[in-house]
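Student: Got a predicted structure here, sequence first:
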Number of protein chains: 2
Amino acid sequence: MIDKKHLKVFTDIVGKDNIYDDKAHMIAYSYDATRTRFEPDAVIFPRHEQDVQDILKYCNQEQIIITPRGAGSGFTGGALPANGGIILAMEKHMNKILEIDTENMVAVVQPGVLNMDLQKHVEELGLFYPPDPASEEYSTLGGNVSENAGGMRAAKYGITKDYVMALRAVRTNGDIIRAGKRTIKDVAGYNVAGMLIASEGTLAVLTELTLKLIPKPKYKKTYMSVFPSVDNAMNAVFKSLSSGANPVAMEFLDKLVIQALIEKLGVNLPQDAGGVLVGDVDGNVPEEIDFQLQTLEQSFKENGAKEFRIAKDEEEAKELWYARRNASQSITIFGNKKLNEDISVPRSMLPKALEEIYAIGDKYGFKIPCFGHAGDGNIHVNVMIDISQIEEGHKAIEEIFQLVVDMGGTLSGEHGIGTSKAPFMNIAFSNEELQLFRDIKRAFDPNNILNPAKMGLTTVK
Amino acid sequence: MIDKKHLKVFTDIVGKDNIYDDKAHMIAYSYDATRTRFEPDAVIFPRHEQDVQDILKYCNQEQIIITPRGAGSGFTGGALPANGGIILAMEKHMNKILEIDTENMVAVVQPGVLNMDLQKHVEELGLFYPPDPASEEYSTLGGNVSENAGGMRAAKYGITKDYVMALRAVRTNGDIIRAGKRTIKDVAGYNVAGMLIASEGTLAVLTELTLKLIPKPKYKKTYMSVFPSVDNAMNAVFKSLSSGANPVAMEFLDKLVIQALIEKLGVNLPQDAGGVLVGDVDGNVPEEIDFQLQTLEQSFKENGAKEFRIAKDEEEAKELWYARRNASQSITIFGNKKLNEDISVPRSMLPKALEEIYAIGDKYGFKIPCFGHAGDGNIHVNVMIDISQIEEGHKAIEEIFQLVVDMGGTLSGEHGIGTSKAPFMNIAFSNEELQLFRDIKRAFDPNNILNPAKMGLTTVK
């Protein structure tokens, strides 16, 4: 429960229409996509940067915990008020596209703008914002930056951090930080913008994002191949890429996912298929498309693909993509509870990583269907369990993280750490590295009021 | 003068062949490309990471200042021991290419490897390391990362930071930090690698760099156009880019540089030329090259270019590049002292920025020939003075920085801040932002022993 005197101060700052403290709203704002629940004491909707400044200064003085929140669509609890306190919700007011600078190919937005709204807006101008997390329809750009969201197009176009040119943010002491510039080169001062990306709202509150746009490629085509085994498919991934192919996306479905798609949705794929790769290529000239497709086809066939299908039109492209788009919902046939982790390994380690993940599944008697962004080494691993098996499920997850880290991979390719992966941080980082993270956190936020208890830096109380 | 007891400890660590403290060597290591002089008290050549750890721990305990040094080719004093102490020189031992992982397209190198040595090595394997600072023949990759070096190919391929996947570094307390992974996606923990890039060796000492490589493009062609005015050329830059052209490089020479090239080197350019753009385009298929050249030609001609020359072969390409390659040495006809600054502005501001820079030159009676990386908004501004005019020269520089920052630009596109631009940091950053930089510095290096007095964070004693 928050002290009434604090509520009065917040109400004076933002007005009574921009603050909630009733039970129903506290429950509504206690969730994100993890389905873990942490109730806040109040939810505040700042109208502008000045509100953010005033609220942070007061909270810093009174040691009130703050958690910034975009759409609450994160998979690891980044926007959850794990230690209570107030939520600073950007969705209501700080959700404007402020400027599209077509000459310098730059967008300036507030943190509450939805990813897809920016994509659509700039595509009408012949421009392109590549980062496309699966949540693109409902996640905010502020959330995308805070978690360094990835997506399918990362194989060719990189991830959110590759499109952040500059950030405005407010420190807990109320100081406004302008980090970065609307220039391609800028090496003056420390790379504070780089540090704020993926910091899960623990260092400062973002108030304005300057994002890089690129010209929209003129041509695009969709391809798909079926492989006799997972191993074949995984080898085809890194061999095609190291032989010069540069597809926009190269998505993978494993044998279990294929089985689920056939059983649950009647998808037309061969019963004996061991793996599928599907994706797009793009370019400025049709010949570039041909070059990409030929390079992929050659590598795929050398690695066991029986056919290499190319969509003739948009409708066929949708058909080829249908299986990938429905992978997540189809695999529920293997268990009523899904422990969904997004690991990332160097691409050449994919065959070995999957082999060992399946072995862990066999040991525990779990099905572990895997799919995702093979083109960039980022795979969504789904440990399917009955709800009664949650403890063994978590043990399996821990083993998976350990093997991924041993292979030079990471706990999270795109979902972040938040609260849900916090217990595994000591698998990936030494005590010295975790100490450095704590030192950085203290440098930005000495009172530890900003989204604490994330990334395993301090404990959830 | 360094205490003999410290020298004894350092000698015990690295051996007597790996430490200098004689006057001649102190003078030799007192310079970089700024030609400012700061003599160290000793120069130590660590053999491996363990040496770096041992030295840092001892220096931290004894409060001895350390400055890491690559080739000493920086333009802003980043590698100079501005407050004395010891230099940690990476050139002698920590200069090995440790691994080229062709499957994941990654290079692992020690910080003392020369940029060009990596470029040549990977090109033999059909791979490509794009960052190409003008110092590529003699600057080290550790220095490139520490200053976030740019280069001509940044217009298409970005800068050093875009190729850093992971770093190993040692903190002043001796802790080893592994930051980043050999994966495209990695969002676990703070982006420490991003923070170390461009930190000018002030936060930690780099011991190993994992760098991204890409497939080498198959085709390349060189173009050049002459424009009637600087304004025409600058408009052609950002209009061609925002209409979809994506050249590898788009380099600019202004009217004064052209005049100097004709007078000093007899270069064959029209006497009345107001500006030149020269660069390369590349691609996987010849049609992509044609698309790029056509897009450039159309924009250039719409903006006043009389002709658009395309080199037929390597020899003609060299001819077209000759003027740009010799810009720097030709402009000495305008003054015996050159104050060389690298500013960067949003590309659409280039015409206005140059107009105002020339007006500052007129006010002071200085010629200010400008050339450089117009394709990414980064221009080398050369205030040519007689050595007696140094004070007015610095005033002119300060005015240039102020107008660049007012236009949304930066003090440094690629050279860094070091000691030479430190006096101008308060033009670009608020007191609150400088305080954040100091807080970050303290978080990494509480005793302020690592390359202090850079970036204007503390004063040169």
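Tutor: Cool, got the structure.
Student: make it CA atoms for all contacts and neighbour counts henceforth
Tutor: Will do.
Student: Help me confirm that A:Gly275 comes into contact with A:Asp254.
Tutor: Yes. Counting by CA atoms under 8 Å, A:Gly275 touches A:Asp254, with 4.6 Å between them.
Student: Common neighbours of these two, please.
Tutor: Common neighbours of A:Gly275 and A:Asp254 are listed as A:Val230 (criterion: CA atoms under 8 Å, 6 or more residues apart in numbering or on different chains).
Student: Show me the contact partners of stretch A:353-364.
Tutor: Looking at stretch A:353-364 with CA under 8 Å, 6+ apart, the contacting residues turn out to be A:Val345, A:Lys367, A:Ile368, A:Val383, A:Glu392, A:Ala396, A:Glu399, A:Ile400, A:Leu403, A:Val404, A:Met407.
Student: Take those residues and keep only those in helices.
Tutor: The helices, defined by DSSP state H, take in A:Glu392, A:Ala396, A:Glu399, A:Ile400, A:Leu403, A:Val404 from those.
Student: Any idea how many residues pack against the closest residue to A:Ile417 other than its chain neighbours?
Tutor: When the adjacent residues along the chain are set aside, A:Ile417 lies closest to A:Met455, with 5.2 Å between them (CA to CA, 6 or more residues apart in numbering or on different chains). For A:Met455, the count of nearby residues is 30 (other CA atoms under 10 Å in any protein chain shown).
Student: Can you classify the closest residue to chain B within the stretch 351-461 of chain A as helix, strand or coil?
Tutor: With CA to the nearest CA as the measure, A:Gly413 is the residue of the stretch 351-461 of chain A nearest to chain B, at 4.6 Å. Using DSSP: H, G, I helix; E, B strand; the rest coil, the structure places A:Gly413 in coil.
Student: how about the residues of the stretch 301-450 of chain A near chain B?
Tutor: Residues of the stretch 301-450 of chain A lying close to chain B (CA under 8 Å from any CA of the partner chain) are A:344-348, A:376-378, A:408-417, A:432-433, A:436-437, A:439-440, A:442-444.
Student: In strands, which of the residues you listed appear?
Tutor: Within those, residues falling in strands by DSSP state E are A:Ser344, A:Asn378.
Student: now stretch A:22-37: mean pLDDT?
Tutor: Throughout stretch A:22-37, pLDDT has a mean value of 94.
Student: Quickly list the domain ranges of chain A.
Tutor: According to automatic domain parsing, chain A is divided into the following domains: A:4-89, A:97-215, A:219-329, A:335-422.
Student: List the buried residues for stretch A:429-447?
Tutor: For stretch A:429-447, the neighbour count (16 or more other CA atoms under 10 Å in any protein chain shown) marks A:429, A:432-434, A:436-445, A:447 as buried.
Student: no, scratch that, I was asking about stretch A:61-81
Tutor: A:64-81.
Student: Tell me which residue of the stretch 251-400 of chain A lies closest to chain B.
Tutor: Going by CA to the nearest CA, chain B is nearest to A:Pro346 of the stretch 251-400 of chain A, at 4.9 Å.
Student: Could you pull up the residues touching that residue?
Tutor: A:Pro346 neighbours (CA under 8 Å, 6+ apart): A:Gly377, A:Met407, A:Gly408, A:Gly409, B:Asn104, B:Arg182, B:Thr183, B:Ile184.
Student: can I get these in CSV with pLDDT, distance to B:Leu141 and neighbour count?
Tutor: Formatted as CSV, the contacts of A:Pro346 follow (pLDDT from 0 to 100; distance: CA to CA, whole Å; neighbours: other CA atoms under 10 Å in any protein chain shown):
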residue, pLDDT, distance to B:Leu141, neighbour count
A:Gly377, 92, 26, 28
A:Met407, 96, 26, 17
A:Gly408, 95, 22, 16
A:Gly409, 95, 24, 29
B:Asn104, 93, 20, 23
B:Arg182, 92, 17, 27
B:Thr183, 90, 20, 22
B:Ile184, 87, 20, 25
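Student: nearest to A:Ala317, of the residues you listed?
Tutor: For the contacts of A:Pro346, the residue nearest A:Ala317 by CA to CA is A:Gly377; the value is 23.2 Å.
Student: If we ignore the residues flanking it in sequence, what's nearest that closest one?
Tutor: Nearest non-adjacent residue to A:Gly377, counting by CA to CA, 6+ apart: A:Arg347, 4.7 Å away.
Student: and the one you found, how many neighbours?
Tutor: 27.
Student: isn't it right up against A:Ser240?
Tutor: No. Using CA under 8 Å, A:Arg347 makes no contact with A:Ser240, being 11.1 Å away.
Student: quick one on the thing from earlier: right, so the domains of chain A: which one is the most enclosed?
Tutor: domain A:97-215 (a mean of 23; mean count of other CA atoms under 10 Å in any protein chain shown).
Student: gap between the two ends of that one?
Tutor: Across domain A:97-215, the terminal residues are separated by 19 Å (CA to CA, to the nearest Å).
Student: And that domain, how far out from the chain middle?
Tutor: 13 Å (CA atoms, centre = their mean, to the nearest Å).
Student: Do that domain and chain B come into contact?
Tutor: Yes. Against chain B, domain A:97-215 shows contacts by CA under 8 Å from any CA at A:102-105, A:147-148, A:150, A:155, A:158-159, A:162, A:175-178, A:181-192, A:194-195, A:197-199, A:215.
Student: Just the ones in helices from these, please.
Tutor: A:Glu147, A:Ala155, A:Val192, A:Gly194, A:Met195.
Student: what two of the residues you listed have the greatest distance between them?
Tutor: A:Ala155 and A:Val192 (25.7 Å).
Student: Give me the below-cutoff pLDDT ranges for the stretch 351-461 of chain A.
Tutor: For the stretch 351-461 of chain A, residues meeting the criterion pLDDT under 70 lie at A:459-461.
Student: which residues in it form helices?
Tutor: Taking DSSP state H, counting those that start in this stretch, the helices of the stretch 351-461 of chain A run over residues A:390-406, A:425-428, A:431-444.
Student: Contacts for the longest one, please.
Tutor: The list of residues contacting helix A:390-406 from outside it, by CA under 8 Å, 6+ apart, reads A:339, A:341, A:343-345, A:353, A:356-357, A:360-361, A:364, A:383, A:385, A:410-411, A:424, A:427-428.
Student: and if we set it to 7 Å?
Tutor: A:Val345, A:Ala353, A:Ile357, A:Ile360, A:Val383, A:Ile385, A:Thr410, A:Leu411, A:Ile427, A:Ala428 (CA atoms under 7 Å, 6 or more residues apart in numbering or on different chains).
Student: Now do the phi/psi pair for the first one.
Tutor: For A:Val345, the backbone dihedrals (degrees, to the nearest 10) come out as phi -130, psi 160.
Student: confidence score at it?
Tutor: Reported pLDDT for A:Val345: 95.
Student: Let's have the domains of chain A in JSON lines, adding distance to B:Pro133.
Tutor: Shown next, in JSON lines, are those (distance: least, CA to CA, whole Å):
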{"stretch": "domain A:4-89", "distance to B:Pro133": "39"}
{"stretch": "domain A:97-215", "distance to B:Pro133": "12"}
{"stretch": "domain A:219-329", "distance to B:Pro133": "25"}
{"stretch": "domain A:335-422", "distance to B:Pro133": "28"}
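Student: Determine which of these approaches B:Ser328 most closely.
Tutor: domain A:97-215 (20.4 Å).
Student: A:Asn268: what's it in contact with?
Tutor: With CA under 7 Å, 6+ apart, A:Asn268 has these contacts: A:Ile262.
Student: Local confidence estimate at it?
Tutor: Per-residue confidence for A:Asn268 comes out at a pLDDT of 93.
Student: Let me know the secondary structure of it.
Tutor: coil.
Student: If it's not too much trouble, I'd like the helices of the stretch 351-461 of chain A exported to TSV so that distance to A:Val267 sit alongside each entry.
Tutor: Listed next are the helices of the stretch 351-461 of chain A as TSV, based on distance: least, CA to CA, whole Å:
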stretch	distance to A:Val267
helix A:390-406	29
helix A:425-428	38
helix A:431-444	46
